[in-house]
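In: I'd like to go over a predicted model; first the sequence, then the structure.
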Amino acid sequence: MKIMQLLPALNSGGVERGTVDLARFLVAEGHQSVVISSGGAMVEQLKAEGSSHIALPIHKKSLFSLLQVRPLREIISREKPDILHVRSRVPAWLTYLAWRKLDPVERPRLVSTAHGLYSINRYSAIMAQTEQVIAISECVNNYLLENYAEYLQRPPQIVYRGVDTDEFKPNTYPPETWYQQIHQEFPELAGKCWLLLPGRLTRWKGQEDFIDLIHQLIKSRTDIHGVILGGAEKNKQHYADELEQKIRSLKLEDHLTLVGHRSDIRHWYSASSLVYNLSRRPEPFGRTVIESAAIGTPIIGYNIGGPAESLNACFPQGLVDINDSKALLTRTQELLGSPEQKPHLSTEFTLGRQAEHTIEIYKSLLTERTGASPSD
């Protein structure tokens with residue numbers, strides 16, 4: 001098969017990583033992989049791993065982007081992919097407009113992945129308008145059925161995002177040099193039991209709940225140290241300042257540290273006793289949950305949205321009802337007292353299974369058209 005994935009750009013982010021990961025798997029399985037985007041830092045990795053990249057400005061939410069419809073149609077006609085796989089709304093619109101003018105008998109099958117809980121409007125509906133929609137969780141699947149049923153040509157298929165088990169795996173401990181560097185940068189962490197809350201700094205990610213939890217915990221456990229890992233969003237530095245002020249007001253400077261954005265997150269998972277996902281609004285998926293589970297570090301999270309799905313599959317004893325601060329404290333104390341309780345990463349949440357399931361969907365669409373098994 002020849003698969004063409006389309007997305008705005010290839011910089012850092014979950015959609016981008018998922019695109020590159022699938023492309024690598026496709027090549028390893030003997031398929032042809034093409035990616036169209038406006039470019040970015042991950043293009044060289046993509047090409048080094050055997051895919052081809054076509055640069056096209058399909059990223060701007062602007063009427064001028066409609067000028068890319070004809071060039072895109074020409075690329076599709078020239079490349080003759082079996083599958084077009086769109087992963088974002090602007091590329092989805094441009095691809096749909098290019099694709100619908102092609103011969104229905106010969107044109108590629110059109111697939112989309114709904115990565116989020118999109119705003120409910122006609123612009124977002126394009127993600128439900130393809131021949132097959134992939135939802136990254138039951139949460140996203142239900143959202144599509146509730147809000148975009150009129151656009152769906154068939155029920156969505158759930159393909160959970162997967163963790164790279166070569167990168168995130170049990171018994172992978174940080175090197176001593178890493179600890180030395182961290183203790184030099186954050187001396188207050190030395191000799192402490194770390195509790196980790198990863199995620200960008202924004203009001204609904206639960207950082208304030210985490211600070212309150214640490215404030216309660218240290219009344220009985222002076223060895224506890226909370227770590228908030230993640231950077232502030234653009235124009236949101238004031239929220240980081242608010243968190244720092246809250247920490248000072250509760251006199252937690254020696255018990256809680258904001259370490260900013262880190263590229264070594266798997267070491268932080270491994271070095272921590274517990275990891276938290278305390279998002280206060282439903283999220284489409286729980287990446288930090290499955291990464292922690294793959295490492296083997298227990299996770300505690302609120303019972304809402306995609307993270308709760310992942311947690312229920314990998315470590316259900318970590319689920320806590322939102323707004324129940326007492327249960328959050330009690331569950332933390334219980335798990336700290338039971339270090340033998342470890343999460344188990346379900347096969348459905350591995351990168352390998354994610355890619356296999358996606359390829360199964362591609363082949364099913366092609367078989368549906370021809371009535372025979374598609375050639376590899």
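Out: In hand now; what should we look at?

In: in the stretch 101-250 of the chain, which spans are strands?
Out: Taking DSSP state E, counting those that start in this stretch as the test, the strands found in the stretch 101-250 of the chain are 109-114, 132-135, 157-158, 193-198, 224-229.

In: parallel or antiparallel, which strands does the third one pair with?
Out: Partners of strand 157-158 in the sheet, by DSSP bridges, are strand 132-135 (parallel).

In: likewise the last one?
Out: The partner list of strand 224-229 in its sheet, established with DSSP bridges, is strand 193-198 (parallel), strand 256-260 (parallel).

In: in stretch 221-228, what counts as buried?
Out: Neighbour counts using 16 or more other Cβ atoms under 10 Å place 221, 224-228 of stretch 221-228 among the buried residues. Bear in mind the C-beta positions are built from the backbone N, C-alpha and C, glycine included.

In: nearest to residue 195 among the residues you listed?
Out: residue 226 (5.2 Å; Cβ to Cβ).

In: tell me which residues touch that closest one, please.
Out: By Cβ atoms under 8 Å, 6 or more residues apart in numbering, the contact list for residue 226 reads 194-195, 197, 210-211, 213-214, 252, 255-257.

In: ok, now residue 72?
Out: 36, 56, 58, 94-95, 98.

In: which of those fall in strands?
Out: residue 36 (DSSP state E).

In: thinking again about what came up before, now render the strands paired with strand 224-229 as a markdown table, adding mean neighbour count and mean pLDDT.
Out: Output for those, formatted as a markdown table (neighbours: other Cβ atoms under 10 Å; pLDDT from 0 to 100):
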| stretch | mean neighbour count | mean pLDDT |
| --- | --- | --- |
| strand 193-198 | 22 | 98 |
| strand 256-260 | 19 | 95 |
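
In: just put those strands in a markdown table and tack on distance to residue 146.
Out: Listed next are the strands paired with strand 224-229 as a markdown table, based on distance: least, Cβ to Cβ, whole Å:
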| stretch | distance to residue 146 |
| --- | --- |
| strand 193-198 | 29 |
| strand 256-260 | 37 |
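
In: check contacts around the residue nearest to residue 47 when sequence neighbours are not counted.
Out: Once flanking residues are discounted, residue 47 sits nearest to residue 53: 5.8 Å by Cβ to Cβ, 6 or more residues apart in numbering. By Cβ under 8 Å, 6+ apart, the contact list for residue 53 reads 10, 34-37, 39, 43, 46-47.

In: among the residues you listed, which pair sits farthest apart?
Out: 34 and 39 (14.4 Å).

In: neighbour count: these two, which is higher?
Out: It is residue 34, of residue 34 and residue 39, that has more neighbours when counted by other Cβ atoms under 10 Å, with 20 against 15.

In: show me what contacts that one?
Out: Going by Cβ under 8 Å, 6+ apart, residue 34 touches 2-5, 51-54, 79, 81.

In: circling back: save the strands of the stretch 101-250 of the chain as TSV, and put in distance to residue 322 too.
Out: Shown next, in TSV, are the strands of the stretch 101-250 of the chain (distance: least, Cβ to Cβ, whole Å):
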stretch	distance to residue 322
strand 109-114	24
strand 132-135	23
strand 157-158	23
strand 193-198	15
strand 224-229	19
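
In: any idea where the strands of the stretch 251-376 of the chain begin and end?
Out: Under the criterion DSSP E, counting those that start in this stretch, the stretch 251-376 of the chain contains strands at 256-260, 274-277, 299-302, 319-320.

In: as CSV, those strands with distance to residue 334 would be great.
Out: Output for the strands of the stretch 251-376 of the chain, formatted as CSV (distance: least, Cβ to Cβ, whole Å):
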stretch, distance to residue 334
strand 256-260, 21
strand 274-277, 11
strand 299-302, 10
strand 319-320, 11
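
In: mind listing what the residue nearest to residue 270 when sequence neighbours are not counted touches?
Out: In space, not counting the residues next to it along the chain, residue 270 is nearest to residue 295; the distance is 5.3 Å by Cβ to Cβ, 6+ apart. Residue 295 sits next to 168-170, 172, 266, 269-270 when contact means Cβ under 8 Å, 6+ apart.

In: how close does residue 295 sit to residue 355?
Out: Per Cβ to Cβ, to the nearest Å, residue 295 is found 21 Å from residue 355.
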